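> Build me a model:
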Amino acid sequence: MASGLHDGFAQTAGDETHNGIMTLAAAPTIDARSPDRPVAAPLAPQRARGLARIEIRAVAGRSRIAGLHQAGSSRIRMPRAAADAPIEAVLLNTAGGMTGGDCFEVEVSVGAGASALLTSQAAERVYRRSAGAANVDSRLAVSGDGRLFWLPQETIVFNRSALTRTLTADVDRGATLLALEAVVLGRTAMGERLTDIVMTDAWRIRRDGRLVFADTTRLEGDAVSVMNGRATGSGAIAFATLVLVVPDAEAHVEPMRTALEAMPGETGVSGFDGILVTRMIAGSGQALRAMVIRAATTLRGSPMPRVWNL
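Take a look at the predicted model:
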């Protein structure tokens, strides 16, 4: 190979070679008004990154924070709670929403004898993207007889947005996990119609290392047309899944059905082998929110976190 060539690419002034790998310098653009004056190449758009990690352990009979880490655009706030109440943590996204290429991670660990409630400061918004998808990865772990309530507020997806979201949980046989994810398709008050979105929402829950719940929802293209199907919502634009993993989950099925029977929208409740699954769909974000609050408070026997009412 001729000198100055690397893997078929001609080396130009400004190119650098490191450990046999060449980095090509960006070719300058030319200002049409002054051809002799180069113009710097446009910078790639910056993307938001966030990591929130919290560990809760029981100390002298009370739930305590054993570890806390926050980075990038993710923040964790800890409202005051009663001594006998779960530790409450509120997740914040200081980027003000998400768009294509953003990446957020949440890790929550609750030990034996401890209780924690995780929520979000407000509804999350996924704006239209120029490229790529917003990625959200939540990893939960509950040990021994620990209890974790994962109750973020709804996610609102805008037209031309893209979202890939995963929730994975590892739960011990005697532990309790109550997990919620809710989605609203567009700004309902503005009559927004979602004709171009890409969204994947995947759940994977393991108990004692064995996969016990796997669920993936995918919407691509014209979400309104998809949701107009009789089997996919009959025109609903908001939906939520609430999963309870606890040894006596089946005992909560009938109370949940009774609590939701007079609510707007449609619901489905089932229970098997220590898992209760509640599905909710509604014609508006407001109606879905009312259903979610009723369902979660029925299972917990306690009001929703205060940020839900702000």
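> And the helices in the stretch 101-250 of the chain, which stretches?
223-227 (DSSP state H, counting those that start in this stretch).
> Touching, residue 103 and residue 47? I think so.
Yes. When contacts are counted by Cβ atoms under 8 Å, residue 103 is listed as touching residue 47 (7.2 Å). In this view, the C-beta of every residue, glycine as well, is placed from N, C-alpha and C.
> what about these two, which has more around it?
Per other Cβ atoms under 10 Å, whichever of residue 103 and residue 47 has more neighbours is residue 103, with 19 against 16.
> burial count for the closest residue to the more buried one other than its chain neighbours?
Ranked by Cβ to Cβ, 6 or more residues apart in numbering and with sequence neighbours excluded, the top spatial neighbour of residue 103 is residue 135, at 4.6 Å. The number of residues packed near residue 135 is 19, by other Cβ under 10 Å.
> so who does residue 135 touch?
By Cβ atoms under 8 Å, 6 or more residues apart in numbering, residue 135 lies in contact with 102-104, 164-165.
> Counting neighbours, which of those comes out on top?
Of the contacts of residue 135, with other Cβ under 10 Å as the count, residue 102 tops at 25 neighbours.
> So it is in contact with residue 95, correct?
Yes. Residue 102 lies in contact with residue 95 (Cβ under 8 Å); the separation is 6.9 Å.
> Now list whatever residues contact both of these two.
In contact with both residue 102 and residue 95: residue 48, using Cβ under 8 Å, 6+ apart.
> Tell me what the residue nearest to residue 103 is bridged to.
residue 103, residue 164 (DSSP bridges).
> Quick check: the gap between it and residue 174.
33 Å (Cβ to Cβ, to the nearest Å).
> list the helices and strands the host helix or strand of residue 294 packs on?
Here residue 294 sits within helix 285-300, counting by DSSP states H and E. Packing contacts for helix 285-300, counted by 3 or more Cβ pairs under 8 Å, 6 or more residues apart in numbering; DSSP states H and E, involve strand 176-185, strand 238-245, helix 253-260, strand 275-282.
> Now do the buried residues in the last one.
It refers to strand 275-282. 275-278, 280-282 (16 or more other Cβ atoms under 10 Å).
> what angle sits between that strand and helix 253-260?
20 degrees (axes from the mean of the first three to the mean of the last three Cα atoms, to 10 degrees).
> repeat for the longest one
For strand 176-185 against helix 253-260, the angle by the same axes, to 10 degrees is 30 degrees.
> helices or strands up against strand 176-185?
So strand 176-185, by 3+ Cβ pairs under 8 Å, 6+ apart, packs with strand 134-142, strand 147-150, strand 155-157, strand 162-171, strand 197-207, helix 223-227, strand 238-245, helix 285-300.
> sorry, back to before: starting from residue 201, give me the distance back to the residue nearest to residue 103.
For residue 135 relative to residue 201 (Cβ to Cβ), the value is 12 Å.
> got it, and residue 75?
Counting by Cβ to Cβ, the separation of residue 75 from residue 201 is 24 Å.
> These two - which one has more neighbours?
residue 201 (20 against 15).
> How about that one: what's its closest non-neighbour residue?
That would be residue 217: by Cβ to Cβ, 6+ apart, it lies 4.5 Å from residue 201.
> That neighbour - how many residues pack around it?
By other Cβ under 10 Å, 14 other residues sit near residue 217.
> same thing with the one 5 residues further on?
Burial of residue 222 is recorded as 14 neighbouring residues (other Cβ under 10 Å).
> where does the helix or strand residue 269 falls within sit relative to the chain's centre, distance-wise?
Assigned by DSSP H and E, residue 269 belongs to strand 266-272. The chain centre lies 22 Å from the centre of strand 266-272; the measure is Cα atoms, centre = their mean, to the nearest Å.
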